[in-house]
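> sequence and predicted structure, then a few things I'm wondering about:
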Amino acid sequence: MNILFICLGNICRSPMAEGAMKKILEDLHITDLHHVDSCGFEAYHLGEPPHKMAQQTALKHHIDISAQRQRLFSPIDFDNFDRIFVMDSNNYKLVNQQKRTEEDMKKVDYLYNMINPTQNTPIPDPWGGTTKDFEHAFDMIWKACLKLGQNLLNQQSTQ
Ligand code: 4NP
């Protein structure tokens, strides 16, 4: 399974999601079966590592995301990934604008729908916010990724 996390800047939420998901897959011993990546839409921080506060927040949870580099979403990602998770309605709109067919969008969902199915609950953007804002985003991301990891583990055991 190839999993892609998307946010606006790809320096705060989606890098934390990529780090959290990789850690969860490691903890569940299913890393080999899955590929995880993240990207965004704003080019301001192209090629840069995640925001310092995102790095610090992840590190508090024993996740090192310092090696990640910002990249932009491309429609080829619809081919390269099986599941694509966005953080909020603006991300969803921007992905939708780049779809080639309706089929592409079947892969796309809001990350927090893992917890609140069909509610499209946003994971708030912590950019420009406080440590608490980053922690809050991380908590939501962690919960959703944990549910996704458990689902992948269950799918594997029924195959
Ligand atoms: P993110 O936060 O989407 O969670 O990475 C942002 C980071 C940077 C910008 C926007 C959102 N920006 O416009 O530079």
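That came in fine, so what should we check first?
> for the rest of this, base every contact and every neighbour count on C-alpha atoms.
OK.
> buried stuff in the worst-scoring helix or strand of the chain on mean pLDDT?
Sorting the helices and strands of the chain by mean pLDDT, DSSP states H and E puts helix 131-158 at the bottom, at a mean of 95. By neighbour count on 16 or more other C-alpha atoms under 10 Å, the buried set for helix 131-158 is 133-138, 140-146, 148-149, 152.
> mind listing residues that contact the helix or strand harbouring Ala20?
Using DSSP states H and E, Ala20 falls within helix 13-27. Applying C-alpha atoms under 8 Å, 6 or more residues apart in numbering, the contact partners of helix 13-27 are 4-7, 31, 36-40, 50, 54-55, 58, 63-65, 68, 87, 125-126, 137-138, 141-142, 145-146, 149.
> the same query, at a cut-off of 6 Å, please.
For helix 13-27, the external contacting residues (C-alpha atoms under 6 Å, 6 or more residues apart in numbering) are 5-7, 31, 37-38, 65, 141, 145.
> buried ones only from these, please, as a ChimeraX command.
Provided next is the ChimeraX selection string for whichever of the contacts of helix 13-27 are buried by 16+ other C-alpha under 10 Å:
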select :5,6,7,37,38,65,141,145
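> strand partners of the helix or strand following the helix holding Ala20, parallel vs antiparallel please.
With elements assigned by DSSP H and E, the helix or strand that comes after helix 13-27 is strand 35-39. When sheet partners are counted by DSSP bridges, strand 35-39 sits next to strand 2-6 (parallel).
> quick one, the strand it pairs with and helix 13-27 angle?
Between strand 2-6 and helix 13-27, the angle comes out at 150 degrees (axes from the mean of the first three to the mean of the last three C-alpha atoms, to 10 degrees).
> then strand 2-6 to CSV, C-alphas only?
Extracted in CSV, the C-alpha atoms of strand 2-6 (Å, rounded to 0.1, in the frame of the first residue of the first chain):
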residue,chain,number,x,y,z
ASN,A,2,1.4,3.4,-1.0
ILE,A,3,0.1,6.2,1.3
LEU,A,4,0.4,9.9,0.6
PHE,A,5,-0.3,12.7,3.1
ILE,A,6,-1.0,16.2,1.8
